[in-house]
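Structure for this input, please:
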Amino acid sequence: MSGSASLNQKPSNGTLQVTLRLLAKFMPGEMPVMLLGLGLVMGASAMALVQPWPLKLVLDCVIGHDPLPGWVSKVGQALNPGASSASKFKLLSLLCLGLVLIEVLLGALNVASAYLLNSVALRLVFKLRCALFDHVQRLSLAFHDATAVGDSLYRITWDSYCIQSVFSEGLIPGLTAGATLLGIALVMLSRDWRLTLAFAAVAAPLLFLIRKVDKPMAEQSTKLHESESEVSTRVEETLIGIRAVQAYGREQFESDRFRLKAGASLQANLRLIVVQTSSQALAGLILACGTGSVLWLGGRGVLEGRITSGDLVLLAAYLAMLFKPLETLAYTAGALQSAAAGCRRVMTILGSAPQITELKNACDLPRVTGGIRFKDVTFGYRPGVPVLKNIDLELAPGSSLALVGPSGTGKTTLASLLLRFYDPGRGSLFLDGHDLRAVSLKSLRRNLALVTQEPVLFAASIHENIAYGRPDASQAEIEAAAKAADAHEFICRLPEKYETELSERGTNLSSGQRQRLAIARAFLKDAPVLILDEPTSALDAQSEDALLQALDRLMKGRTTLIIAHRLSTVRRADRIVVLHDGRIGESGSHQELLARGELYARMWQLQVAEPEPMAVQT
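Take a look at the predicted model:
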């Protein structure tokens, strides 16, 4: 399907284009804080360049006999008016105080800039996560059918941090390192042009190295993200099916499968580390050669009298500072590539368009009477493999129609088309004469209520679960719905009654209790069209009989589409349609279909002839 294809496509955009597109999408509103943070970063870089100057001045002007630079002399005059110049002791005190003040200012600028820029980065992660979650919810079921839940989970929870990595580990350190290197280059140029050439001789091969490792680092980063996503998927699938895993004693099998995926992730991580550390080792070698060259030239300059001893100390300090920004630039390439792998994965999600879309002029349905028509509907999940073929059906408002037939004949698919989870490949569906493609999704689904075989319950209170379709419902309305579904009595026996918190998927309730809550939710929604998708198939006969009474009350006055494998639940439907091989094989009432003696009658005989399950002694 298209959802699967889009996720597996290799991105055609380069690292820079992908990251800039993502930043441009979520940066609006953050520019003032970001620019202030960048200003503070540049101030910190400038302050770092000033750090070695007090030591240089101590060597040249306090211990040595060089005159003070003009700006230092002016500061000394301001502190000691009337004196021709500051004394050596006062100058020493001033320079030592200046050293401390520079460190204080540098620390304050670093803290403030880190707070501002990290707050921007974390807000970007927040925006991206919300956008991903919102978009994934609205993608068509075709996308979710083709995409593992664990993969989507990993993209939303972990790949979303890519935007922080791009910002905090890529762009900002890169700008800071670039500004520092530019400042060092300007100071070196003012001291000795030969030192500037040595500096350039270091930068050129380093930049070449960064470009050479760019592609392999990007490939290994993408493979690592994909393997980590597979690990997340494996964990998610195993924990969801933990009952089956334990019941069939397959813990070791699942552990082996997990180890296989985790081992692949380990190998991908190790390969990435090899690429990163190899590039860093080469960068270190280049920097060592550059450091030796600059020290040799600087030392020779002192011996020849071109520069002072203080200048040499200054250059040595800048050499120590030089390593950090160059190293940062080398690391930034790896950080950007790793982040870009996540950027590409989240951009793939954000670029996936829902297959089910609304027309620009889609109308809002009012509350419908419930007339439904399937007109020559053909549908397949894969091209060329139809599940439904030329289906023509019509339900009068307030009537009930049951769909039966062997598994895989398209019963649930018909209901999914009515909910517009999918659109038919050919043909149309109508609700009160409105083509479903011409109405808004929200107004369509407002008129439909769904009760499925496995109730969808959330880790929230019973109150919230019943009111899921009508969150503004009053407590009295919620209790009335629970009473209609025969759920009020067992709810009141719970310690917190309607405020009792359910576990994930409601596993701290029995199957029957979960189903009653789902029916209560449908009662509260009070939609004119009801879809019952095998609501009793997971229950025993006694529980089924009790639940059917609640379902009869729910169906009263509503157009109801019943999907059932157990034929005892559909005998009272106004009309029964038997699907066979994706087509309508038979249609009529229960008695009419039995009288024909064809497929429905054979299915009925098989189910009636099934022996009653033996009671288990406990």
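
in the stretch 401-550 of the chain, which spans are helices?
Per DSSP state H, counting those that start in this stretch, the stretch 401-550 of the chain carries helices over the ranges 411-418, 441-446, 462-466, 475-484, 488-492, 511-525, 541-555.

and if you look at the stretch 201-350 of the chain?
Using DSSP H, counting those that start in this stretch, helices in the stretch 201-350 of the chain cover 242-247, 251-303, 309-350.

Using JSON lines, please lay out those helices together with distance to Ala520, mean pLDDT and mean neighbour count.
From N, CA and C alone the C-beta is placed, and that goes for glycine too. What follows is those, written out as JSON lines (distance: least, C-beta to C-beta, whole Å; pLDDT from 0 to 100; neighbours: other C-beta atoms under 10 Å):
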{"stretch": "helix 242-247", "distance to Ala520": "25", "mean pLDDT": "73", "mean neighbour count": "11"}
{"stretch": "helix 251-303", "distance to Ala520": "36", "mean pLDDT": "80", "mean neighbour count": "15"}
{"stretch": "helix 309-350", "distance to Ala520": "35", "mean pLDDT": "74", "mean neighbour count": "21"}
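
circling back to that earlier point, kindly reformat the helices of the stretch 401-550 of the chain as CSV containing mean pLDDT.
Below are these laid out as CSV (pLDDT from 0 to 100):
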stretch, mean pLDDT
helix 411-418, 89
helix 441-446, 90
helix 462-466, 90
helix 475-484, 91
helix 488-492, 90
helix 511-525, 87
helix 541-555, 75
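
nearest to Phe126, of those?
With C-beta to C-beta as the criterion, Phe126 lies closest to helix 462-466 of the helices of the stretch 401-550 of the chain, at 24.2 Å.

who does the closest one touch, helix- and strand-wise?
Here helix 462-466 touches helix 475-484, helix 511-525, going by 3 or more C-beta pairs under 8 Å, 6 or more residues apart in numbering; DSSP states H and E.

In JSON lines, list the helices of the stretch 201-350 of the chain along with distance to Ala204.
Formatted as JSON lines, those follow (distance: least, C-beta to C-beta, whole Å):
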{"stretch": "helix 242-247", "distance to Ala204": "58"}
{"stretch": "helix 251-303", "distance to Ala204": "9"}
{"stretch": "helix 309-350", "distance to Ala204": "12"}
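
and Leu40, which of those is closest to it?
It is, among those and with distance given as C-beta to C-beta, helix 309-350, at 17.2 Å.

tell me the angle the closest one makes with helix 251-303.
Angle of helix 309-350 versus helix 251-303, following axes from the mean of the first three to the mean of the last three C-alpha atoms, to 10 degrees, is 150 degrees.

any idea which helix or strand comes after helix 309-350?
Following helix 309-350 in sequence order, the next helix or strand is strand 372-379 (DSSP states H and E).

ok, back up a step: out of the helices of the stretch 201-350 of the chain, which is closest to Arg155?
helix 309-350 (5.5 Å).

what about the most centrally placed residue in the chain, distance to Arg129?
Nearest to the mean C-alpha position of the chain, counting by C-alpha atoms, centre = their mean, stands Ile156 at 1.1 Å. In this structure, Ile156 and Arg129 are separated by 6 Å, where distance is defined by C-beta to C-beta, to the nearest Å.

Ok, Thr180 next?
Taking C-beta to C-beta, one finds Thr180 at 33 Å from Arg129.

picking up where we left off before, of the helices and strands packed on helix 462-466, which stretch is the most buried?
helix 511-525 (a mean of 24; mean count of other C-beta atoms under 10 Å).

still on that earlier bit, surely the residue nearest to the centre of the chain is in contact with Leu132?
Yes. Using C-beta atoms under 8 Å, Ile156 makes contact with Leu132 at a distance of 4.7 Å.

Ramachandran coordinates for Gly371?
Main-chain torsions, Gly371, degrees, to the nearest 10: phi -70, psi 130.

My read is that it contacts Leu395, right?
Yes. Gly371 is in contact with Leu395 according to C-beta under 8 Å; the separation is 6.9 Å.

Overlap of the contact sets of those two?
Thr559 (C-beta atoms under 8 Å, 6 or more residues apart in numbering).

Out of the helices of the stretch 201-350 of the chain, which is closest to Gly384?
Closest of those to Gly384 is helix 309-350, at 26.2 Å (criterion: C-beta to C-beta).

before we move on, back to that, give the residue from Thr180 and Arg129 that has the larger number of neighbours.
Between Thr180 and Arg129, counting by other C-beta atoms under 10 Å, Thr180 is the more crowded of the two (24 against 18).

Pull the contacting residues for the more buried one.
Here Thr180 is in contact with Ser45, Ala48, Leu49, Met321, Lys324, Pro325 (criterion: C-beta under 8 Å, 6+ apart).

ok now do Val451, which residues does it touch?
Neighbours of Val451 in contact, by C-beta under 8 Å, 6+ apart: Gln515, Ala518, Ile519, Ala522, Leu530, Ile531, Leu532, Asp533, Pro535, Leu551, Leu554.

Could you dump the helices of the stretch 401-550 of the chain into JSON lines and include distance to Arg367?
Formatted as JSON lines, these follow (distance: least, C-beta to C-beta, whole Å):
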{"stretch": "helix 411-418", "distance to Arg367": "17"}
{"stretch": "helix 441-446", "distance to Arg367": "8"}
{"stretch": "helix 462-466", "distance to Arg367": "21"}
{"stretch": "helix 475-484", "distance to Arg367": "17"}
{"stretch": "helix 488-492", "distance to Arg367": "27"}
{"stretch": "helix 511-525", "distance to Arg367": "12"}
{"stretch": "helix 541-555", "distance to Arg367": "17"}
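
So which of the ones you listed is nearest Thr348?
Here helix 441-446 is closest among the helices of the stretch 401-550 of the chain (C-beta to C-beta), at 23.7 Å.

can you give me how far the closest one is from the chain middle?
26 Å (C-alpha atoms, centre = their mean, to the nearest Å).

Export it to PDB, keeping only CA atoms.
Written as PDB, here are the backbone C-alpha positions of helix 441-446 (Å, rounded to 0.1, in the frame of the first residue of the first chain):
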ATOM      1  CA  LEU A 441     -15.600  13.000   8.300                       C
ATOM      2  CA  LYS A 442     -16.400  14.500  11.700                       C
ATOM      3  CA  SER A 443     -20.200  14.900  10.900                       C
ATOM      4  CA  LEU A 444     -20.300  11.400   9.300                       C
ATOM      5  CA  ARG A 445     -18.800   9.700  12.300                       C
ATOM      6  CA  ARG A 446     -20.900  11.700  14.700                       C
END
